[in-house]
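Asks: I need the structure of the sequence given here:
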Amino acid sequence: MRGRWPLYVLLASALTFVVSLYLPWYEVRNEGMGILSVVGIGSGTADGWATTAGMAASLAAVAVVIAAAATLVRPGLFDDRLPLVPLALTLGYLGIATLVALRANEMLSQAANQLGHLHHHYSYGAYLGVASAAVALLTAAILGGARLRPRPTSVELVAGALSVGLLVAFLLPWATAAFGRSETISFPGVNSAVVVLAAAGICLLIGSSLRSGRAVYLAAAIAVLTGAAVQGLGVVDTTRIDYGAWMALGVALALVAATAFVRPQTRPALPALAGALTAAAAGVFVVALFLPWQEFCAPGGGSLGHGLGSCIATTGWTTGEPGAVAGTLALVLVLAAFVATWRTAAAAEIALAVAILTATVGVTQASSSGPLGWGFGYGAYVGFAAAGVLLLVAFARIRPPKLERGRVVDRLIPLAASAALLCAVALPGWSVLPDRWSPQVDVMQSWYATVGVVLTVHLLRRWLESAGGTSSRSEELLVLPLALLSLTALELIRERDAGVTWGGGILVGLCLVLVMFGWVEQKGGLERLRVPEILRVDRLPGAEET
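Replies: The predicted structure is shown next:
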């Protein structure tokens, strides 16, 4: 039991952090007026969901809960696929980053509201959340230190120090924007979804990959994400890139150089033609994200004012969580083609997720375009074409498996439920459903919808492999719907003021069905599931006569 206490601490701290997100993290008061309703805050209080970092931290908390609980039940179950230490590091860091990101909201409300002396007070939710995140961070450090054998080399120490320095740089001011005539507001790097993904990559590097031969490739991916976030800052002339962004970019490049000397190194292998085509299409998609995806031009080519030119352009990396996650997945495909041996089904799964998320970005952009609004930039068309080619190439590599009729019939219900769950998560973001349904079906938002697409695609793949008799990871058939059920429950609780919706009921029902079938599959397979004799239609008198 002595060796299990860190797991219980991690489990308790992650659950406590999730609870803290629903509590007030800070309040805005005016002397003699009480709590105010100000821009960016709504009713004058903000909970932990108010920032991008807070939403991402809740995902890390759910992953820590699942990983810790699974490790307590079956030790070593997810050591490689769901590493506990990097997840705990991510939770601890993003919990602290949430408090830093709220500072930008403070400055925004101060600049937008001239109502006397505003007093910003961090509330008990913030203290509870940061304390639980710090406990998770400390416990992860203890777990990681216990596994650190032998002692790290000087190169590993330098790479570790640079990784920590990069995490600190993400918390510093990255952009300073003019607000009005005299007010300026500074925003930290963790306000960006791309930076949040880069921070998660650093935690993975520190927690489990710093000594592996693939550390330099992970560092290279982190550097690309950091550069993408820095590039996305220079949209308008009134936004000045601050010292934190340049510091992060320099440290990220230094981290790539440091990890290049970590031994042993995994030498890149020349991929086969099909793998090279997949990597090429994914690489074009990544490059396309650096190009203009949205443009807004002043009518008649005039100036937009305040020193701005006639047009404003934003890149694909700045299109929110779907664009950031799609780009990261494509980057993974590029690197995996040279340093990892993957099954073709894994590449097809990632390509499908990239295509779905890219379509979501396109629909979001189309809804904001118009004669006087934002329009598509040429980078968007390159990205759409690259995502389509990537999907075609990835699926062309798949060879149809030899399906066993009995196994397919037994798994028709979970296969149909997985496909329905994917539609329930993705379709609301595509705006293809009637408008009157939107309040009912828009359950998952931002990070939750994006991660929900990725998890559901992976779940669908696992059930397809189970139908073909090739899946050896039956535990994922139970864990994945549990994770999706957790995300749905957190969203429904967060939006509890809107009441119960039938869209939320459909998501919960599908997740429960998949949890049941996943549990049965893990316990020995659906083939061993005995249908009660009274329910067997093949034993009815009429069936026997025929």
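
Asks: element containing the residue most central in space within the chain?
Replies: Among the residues of the chain, Val451 comes closest to the average C-alpha position under C-alpha atoms, centre = their mean, at 5.1 Å. Assessed by DSSP states H and E, Val451 sits inside helix 446-468.

Asks: Output the contacting helices and strands for the helix or strand just after that helix.
Replies: Going down the chain from helix 446-468, the next helix or strand is helix 476-494, by DSSP H and E. Applying 3 or more C-beta pairs under 8 Å, 6 or more residues apart in numbering; DSSP states H and E, we find helix 476-494 packed against helix 52-73, helix 446-468, helix 502-522. Every residue, glycine included, has its C-beta placed from N, CA and C.

Asks: Deepest in the core, which of the ones you listed is it.
Replies: helix 52-73 (a mean of 23; mean count of other C-beta atoms under 10 Å).

Asks: which ones are touching the spatially closest residue to Val457 that is not a sequence neighbour?
Replies: Counting by C-beta to C-beta, 6 or more residues apart in numbering, Ala353 is the residue found nearest to Val457 once chain neighbours are left out, at 4.9 Å. Neighbour list for Ala353: Ala326, Leu329, Val453, Val454, Val457 [criterion: C-beta atoms under 8 Å, 6 or more residues apart in numbering].

Asks: was I right about Pro24 contacting Tyr124?
Replies: Yes. If you go by C-beta atoms under 8 Å, Pro24 and Tyr124 touch, sitting 7.2 Å apart.

Asks: What ranges does the stretch 1-150 of the chain have for its helices?
Replies: Counting by DSSP state H, counting those that start in this stretch, one finds helices in the stretch 1-150 of the chain at the ranges 5-21, 52-73, 84-112, 124-146.

Asks: and those as a markdown table, adding distance to Ala169 and mean pLDDT?
Replies: Shown next, in a markdown table, are the helices of the stretch 1-150 of the chain (distance: least, C-beta to C-beta, whole Å; pLDDT from 0 to 100):
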| stretch | distance to Ala169 | mean pLDDT |
| --- | --- | --- |
| helix 5-21 | 24 | 91 |
| helix 52-73 | 15 | 90 |
| helix 84-112 | 12 | 79 |
| helix 124-146 | 18 | 86 |
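
Asks: Which one of those lies nearest to Pro414?
Replies: helix 52-73 (19.5 Å; C-beta to C-beta).

Asks: Now do that closest one against helix 476-494, angle only.
Replies: Orientation note: helix 52-73 sits at an angle of 140 degrees relative to helix 476-494 (axes from the mean of the first three to the mean of the last three C-alpha atoms, to 10 degrees).

Asks: just checking, what packs against helix 52-73?
Replies: Counting by 3+ C-beta pairs under 8 Å, 6+ apart, helix 52-73 packs on helix 5-21, helix 84-112, helix 193-204, helix 446-468, helix 476-494.

Asks: Which parts of the chain belong to which domain?
Replies: Recorded structural domains for the chain (assignment: automatic domain parsing) are 1-147, 152-265, 267-399, 404-546.

Asks: re earlier: who are the neighbours in contact with the residue nearest to the centre of the chain?
Replies: Val451 touches Leu59, Val325, Leu487, counting by C-beta under 8 Å, 6+ apart.

Asks: Distance check, the second one against Leu421.
Replies: The gap separating Val325 from Leu421 is 18 Å, by C-beta to C-beta, to the nearest Å.

Asks: more neighbours, those two?
Replies: Between Val325 and Leu421, Leu421 has the larger neighbour count (other C-beta atoms under 10 Å), namely 26 against 22.

Asks: my read: Ala159 touches Ala257, true?
Replies: No. Using C-beta under 8 Å as the test, Ala159 is too far from Ala257 to be in contact (9.4 Å).

Asks: Please identify which of the two sits among more neighbours.
Replies: Taking neighbours as other C-beta under 10 Å, Ala159 and Ala257 compare with Ala159 leading, 28 against 14.

Asks: Show me the shaky parts of the stretch 151-300 of the chain.
Replies: By pLDDT under 70, the low-scoring segments of the stretch 151-300 of the chain are 178-183, 234-238, 297-300.

Asks: Walking through it, point out its strands one by one.
Replies: Residue ranges of the strands in the stretch 151-300 of the chain, as given by DSSP state E, counting those that start in this stretch, are 173-179, 183-188, 239-241, 292-297.

Asks: in the helix or strand just after the last one, what's buried?
Replies: So that's strand 292-297. Downstream of strand 292-297, the next assigned helix or strand under DSSP H and E is strand 311-315. Of the residues in strand 311-315, Ile312, Ala313, Thr314, Thr315 count as buried by neighbour count, 16 or more other C-beta atoms under 10 Å.

Asks: Check stretch 349-358 too.
Replies: Glu349, Ile350, Ala351, Leu352, Ala353, Val354, Ala355, Ile356, Leu357, Thr358.

Asks: now, among the residues you listed, which is nearest to Thr98?
Replies: After measuring those against Thr98 - C-beta to C-beta - the closest member comes out as Leu357, at 24.0 Å.

Asks: Settle this for me: the closest one is touching Val453, isn't it.
Replies: Yes. Look at Leu357 against Val453 with C-beta under 8 Å: they come within range, at 6.3 Å.

Asks: Tell me, how many residues neighbour Ala346?
Replies: 16.

Asks: meant to ask about Ala269, not that
Replies: Count around Ala269 with other C-beta under 10 Å applied: 12.

Asks: give me every residue that touches it.
Replies: Contacts of Ala269 by C-beta under 8 Å, 6+ apart are Phe338, Val339.

Asks: could you redo the last one with a cut-off of 7 Å?
Replies: By C-beta atoms under 7 Å, 6 or more residues apart in numbering, the contact set of Ala269 is Phe338.

Asks: same deal with Phe187?
Replies: Ala104, Pro173, Trp174, Ala175.

Asks: in the sheet, who's paired with it?
Replies: Ala175 (DSSP bridges).

Asks: From Gly232, how far out is it?
Replies: 12 Å.

Asks: Likewise for Tyr217?
Replies: 23 Å.

Asks: before we move on, what about Gln445?
Replies: As for Gln445, its distance to Gly232 is 21 Å (criterion: C-beta to C-beta).

Asks: okay, the two: which has more neighbours?
Replies: Higher neighbour count among Gln445 and Gly232: Gly232, with 21 against 16, using other C-beta under 10 Å.

Asks: For Thr341, give me the pLDDT.
Replies: In this prediction, Thr341 carries a pLDDT score of 65.

Asks: Check the one 3 residues further on too.
Replies: As summarised for this prediction, Thr344 has a pLDDT of 78.

Asks: count of neighbours near it?
Replies: Thr344: 16 neighbours (other C-beta under 10 Å).

Asks: from memory it sits against Ala396, does it?
Replies: No. Using C-beta atoms under 7 Å, Thr344 makes no contact with Ala396, being 9.4 Å away.
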